[in-house]
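1. with the sequence up front, the predicted model follows.
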Amino acid sequence: MTNKKYEKLVKKHTPKENKLKYAITAFLVGGSIGTLGELLIRIYIMIFNTSRHQASTYMIITFIFFASLFTALGFFDKLVVKAKAGLLIPITGFAHSMTSAALDYKNEGPIYGIGSNVFKMAGSVIFYGIISAWFFGLVRYLWEVLVCY
Amino acid sequence: MLLNFRNVYLNNVSTVCGPYESFGPLHKNFDKCYKDNLYCKEKSFEKAEIRLLEDSIKILLKKTKLQSKDIELVIAGDLLNQIASSCYGSLNLKSPFLGIYTACATSIEGMLIASTFIDSGKTNNALVACSSHNMSSEKQFRNPTEYGSPKPKTATFTSTGGASALLSNKPSKIRVVNGLIGTIVDYNQKDPFNMGAAMACAAADTLYKYLTFTNSKVNDYDLILTGDLGKYGKEILKDLMRENYNIDLSKNYNDCGVMLYDLEKQKEVMAGGSGPVCSALVNYSTIFKGLMENKYKKVLLIATGALFSPIMLYQKENILSIANLICLEAI
């Protein structure tokens, strides 16, 4: 049997994923997390009488704390399976990826285990985050220097 | 390569499983079940896997009334790097050791090597063991275990357990008739979440070769069992055999990955079980029992292995696969 024919056979027996359902779930869950974040920011502004910038930092820290706590307590992964990208794309997913890696490698010790593996998944996000931040910063700088002046 | 054996018998078997398998339909046939969690009373998942293997060896020795010094050869394999659980799990036996790897086809590979050693008179007996652990392999091959990233429906679930079998030249109820060492095949498969598709072609290749070499038909066997193709891979194999070789597998064929769990109730296993111990848990419990009780007369066991290397996949190479076959007969 040729590879092409085999590929056809595989396709025939590959069930369709309900992408629309996943997208709607992710939209609703991700959206509610966003709304919750906004709510937290407003509460923090009210309670601490602080700037919006400061309050949003507090909000992010709150999310990171709870996502990491839920991962450590062992049920965040079960929520992820249900909510999918809705929980993985916000900052909760980032915190979860680091905590889950740290938990996984705690038996290998602080240096060769946690230290070198904690960024196993988050590393790519940070690395390309910094590169794109630098790149867009450069674009914006050039725009302001060359065009605006 | 077809191997014919004249004087090899499967004397006894032992199976130890984890929590998910304990809640599966075959749980009554296992010798020991760790029902509480995947740590199996150990501190890490890797150590849990070693414990499962050790337990299965201990149980087998007890069942066969042999001592570790009586075991002339140990052949073991698993999924971890440097086949760590096999090495550590076999340490206490202090018997000559052969470490093997063909991923999920390991258990039958071990039986083939053991049978060859016994049949040629090099040893009188050999202990074949294998193990896998859902979390230790998840950690090794995919994402951190607590990450729980969403998977497609075709994904299989690495089963947790340790299984051992004792083969020897001492006659028993089950004879090892012959076997076939599979060849590595490449059908351009690149999806690590559809191992059934990656392995079905290897199973077809091995089964067809075996039937041709032995000049036998599918109906000559009471049961033909593949290792861990899962719900979808099983259908691929059936179609492939029908379309390509005009062989009908609809009557006496099943897959261990589908049998090990209740796919309706245990949704977390997705398309079914996988891992070296998946086929071993089914073969060494239910099939062994079936042969002992004369429910089956002659069975073909095909263990399918996806020779999946994450590094090679990232380097844009295909997922290779292999299938090893053994034929057991109740006498």
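-> In hand now; what should we look at?

2. just the element for A:Gly34, please.
-> Here A:Gly34, judged by DSSP states H and E, is contained in helix A:19-48.

3. by contact count, what packs against that helix?
-> For helix A:19-48, the packing partners by 3 or more Cβ pairs under 8 Å, 6 or more residues apart in numbering or on different chains; DSSP states H and E come out as helix A:52-72, helix A:76-83, helix A:85-88. For glycine as for every other residue, the C-beta is placed from the backbone atoms N, C-alpha and C.

4. what about the residue lying closest to B:Asp255 once chain neighbours are set aside, helix or strand, and which?
-> Using Cβ to Cβ, 6 or more residues apart in numbering or on different chains and skipping the chain neighbours, the partner closest in space to B:Asp255 is B:Lys234 (4.4 Å). When elements are assigned from DSSP H and E, B:Lys234 belongs to helix B:230-245.

5. who's in contact with the next helix-or-strand element following that helix?
-> Toward the C-terminus, helix B:230-245 is succeeded by strand B:253-255 as the next helix or strand (DSSP H and E). Outside of strand B:253-255, the residues that reach it under the criterion Cβ atoms under 8 Å, 6 or more residues apart in numbering or on different chains are B:218, B:223-230, B:233-234, B:237-238, B:272.

6. confirm B:Thr304 sits in a helix?
-> No. Remark: B:Thr304 does not belong to a helix; assigned using DSSP: H, G, I helix; E, B strand; the rest coil, it is strand.

7. OK, contacts around it?
-> With contacts defined as Cβ under 8 Å, 6+ apart, B:Thr304 is in contact with B:104-105, B:199-200, B:202-203, B:226-229, B:279, B:321-323.

8. how about B:Pro25?
-> Applying Cβ under 8 Å, 6+ apart, we find B:Pro25 in contact with B:Met259, B:Tyr261, B:Asp262.

9. can you pick the most crowded of the residues you listed?
-> B:Tyr261 (24 neighbours; other Cβ atoms under 10 Å in any protein chain shown).

10. separation between that one and B:Glu138?
-> 16 Å (Cβ to Cβ, to the nearest Å).

11. same check, this time on B:Phe117
-> Shown here: B:Phe117 relative to B:Glu138, a distance of 34 Å by Cβ to Cβ.

12. cool, and B:Ala76?
-> Remark: distance between B:Ala76 and B:Glu138 (Cβ to Cβ) = 21 Å.

13. who's more crowded, those two?
-> For the pair B:Ala76 and B:Glu138, the greater number of neighbours falls to B:Ala76 (28 against 20), based on other Cβ under 10 Å.

14. tally of neighbours for residue 131?
-> Unless you meant another one, I'm taking chain A. Around A:Ile131 there are 10 residues (other Cβ under 10 Å).

15. chain B is the one I meant
-> 36.

16. same check, this time on B:Lys139
-> The burial metric for B:Lys139, expressed as a neighbour count using other Cβ under 10 Å, is 22.

17. okay, now the domains of the chain?
-> Using chain A. Residue ranges for the domains of chain A, per automatic domain parsing: A:18-118, A:121-149.

18. sorry, should have said chain B
-> Structurally, chain B divides into domains by automatic domain parsing as follows: B:2-168, B:174-330.

19. enumerate the residues of chain B near chain A.
-> Proximity of chain B to chain A is confined to B:43-44, B:46, B:139, B:143-150, B:152-154, B:187-189, B:194, B:197, B:201, B:232-233, B:235-236, B:239-240, B:243-244 under the rule Cβ under 8 Å from any Cβ of the partner chain.

20. now the residue of chain A found nearest chain B, nearest residue through space, not along the chain?
-> For chain A and chain B, the shortest gap (Cβ to the nearest Cβ) falls at A:Asp77, measuring 2.7 Å. Nearest-residue entry for A:Asp77: B:Gly148, 2.7 Å, with adjacent residues in sequence omitted and distances by Cβ to Cβ, 6+ apart.

21. can you verify my assumption that that neighbour contacts A:Lys78?
-> Yes. Counting by Cβ atoms under 8 Å, a contact exists between B:Gly148 and A:Lys78, whose distance comes to 6.6 Å.

22. the two: which is more packed in?
-> Between B:Gly148 and A:Lys78, counted using other Cβ under 10 Å, B:Gly148 has the larger neighbour count: 22 against 13.

23. helix, strand or coil: sort out that one for me.
-> Three states are possible here, and by three-state DSSP the one that applies to B:Gly148 is coil.

24. and it, backbone torsions?
-> Backbone dihedrals for B:Gly148, given as degrees, to the nearest 10, come out at phi 60, psi 40.

25. tell me which residue is most central in chain B.
-> To find the centre residue of chain B, average its C-alpha atoms and take the closest one (Cα atoms, centre = their mean): that gives B:Ser279, at 3.4 Å.

26. check which helices and strands whatever helix or strand it lives in sits against.
-> Assigned by DSSP H and E, B:Ser279 belongs to helix B:276-282. Judged by 3+ Cβ pairs under 8 Å, 6+ apart, helix B:276-282 is in contact with strand B:9-17, helix B:106-119, strand B:125-132, strand B:161-168, strand B:223-226, helix B:256-260, strand B:298-307.
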